[in-house]
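In: Sequence first, predicted model second:
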Amino acid sequence: MISEIPDPEIPVISIKELGVLRNIMFDKNTLKVVITPTYSGCPAMDRFQKDIKEKLEQLKVKKFDIIMQFDPPWTTDWITDKAKEKLKAYGIAPPAHKTKDKNILLGIKQKIECPRCKTNETELVSQFSSTACKAMYRCISCLEPFEYFKCL
């Protein structure tokens with residue numbers, strides 16, 4: 001199934017759980033798969049499209065279009081609760097707030113929970129990590145570094 005395709009950067013969650021897979025529908029004998037990038041220039045989008053195309057070919061779907069939808073823009077609010085639990089188990093702290101709360105929290109030093117030892121005694125190391133949508137934190141308690149999926 002297309003909805004089960006893993007995120008190439010975080011293989012424990014699917015593109016559906018991440019909220020990138022927006023819709024699958026038939027229109028005039030053509031299967032339309034609608035996806036939204038997590039951010040402008042996301043390098044995983046080429047991989048998402050390649051994986052979707054390969055899956056559709058395996059399923060013997062002859063006519064399909066993969067449509068990039070930019071409006072509304074992707075938000076971390078689209079990450080499912082199940083995916084957030086999977087992120088924690090994988091060692092990545094999921095978004096701590098809803099997107100609508102992001103402006104309220106500007107300027108307030110946020111304490112992000114360590115996905116390993118569950119303490120809030122953490123510190124920001126870098127606004128950017130392995131991808132632009134994650135930040136790098138360090139746990140003051142267990143001293144482990146971890147990524148935080150930023151609220152977008």
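Out: Yep, that arrived.
In: separation between the residue positioned nearest the centre of the chain and residue 125?
Out: Central residue of the chain (CA atoms, centre = their mean): residue 18, 4.3 Å from the mean position. According to CB to CB, to the nearest Å, residue 18 and residue 125 sit 24 Å apart. For every residue, glycine as well, the C-beta is placed using N, CA and C.
In: One more: residue 47?
Out: Distance, residue 47 to residue 125, by CB to CB: 27 Å.
In: and what of residue 53?
Out: In terms of CB to CB, residue 53 sits 37 Å off from residue 125.
In: next one: residue 73
Out: According to CB to CB, residue 73 and residue 125 sit 27 Å apart.
In: Over to residue 98?
Out: For residue 98 relative to residue 125 (CB to CB), the value is 24 Å.
In: is it true that residue 77 touches residue 99?
Out: Yes. Counting by CB atoms under 8 Å, residue 77 touches residue 99, with 5.1 Å between them.
In: Can you give me the domain assignment for the chain?
Out: 2-74, 92-149 (automatic domain parsing).
In: Of those, which shows the lowest average pLDDT?
Out: Lowest mean pLDDT within the domains of the chain: domain 92-149, a mean of 84.
In: tell me how far the ends of that one are from each other?
Out: One end of domain 92-149 sits 7 Å from the other (CA to CA, to the nearest Å).
In: Could you tell me how far the residue nearest to residue 14 when sequence neighbours are not counted is located from residue 82?
Out: Residue nearest to residue 14 in three dimensions, not counting chain neighbours: residue 4, with 5.3 Å by CB to CB, 6 or more residues apart in numbering. According to CB to CB, residue 4 and residue 82 sit 13 Å apart.
In: Name the residues of stretch 34-48 that come out as buried.
Out: 35, 36, 37, 38, 42, 44, 45, 48 (16 or more other CB atoms under 10 Å).
In: tell me the SS of residue 97?
Out: The three-state assignment at residue 97 reads coil, by DSSP: H, G, I helix; E, B strand; the rest coil.
In: I am finished for the moment; much appreciated.
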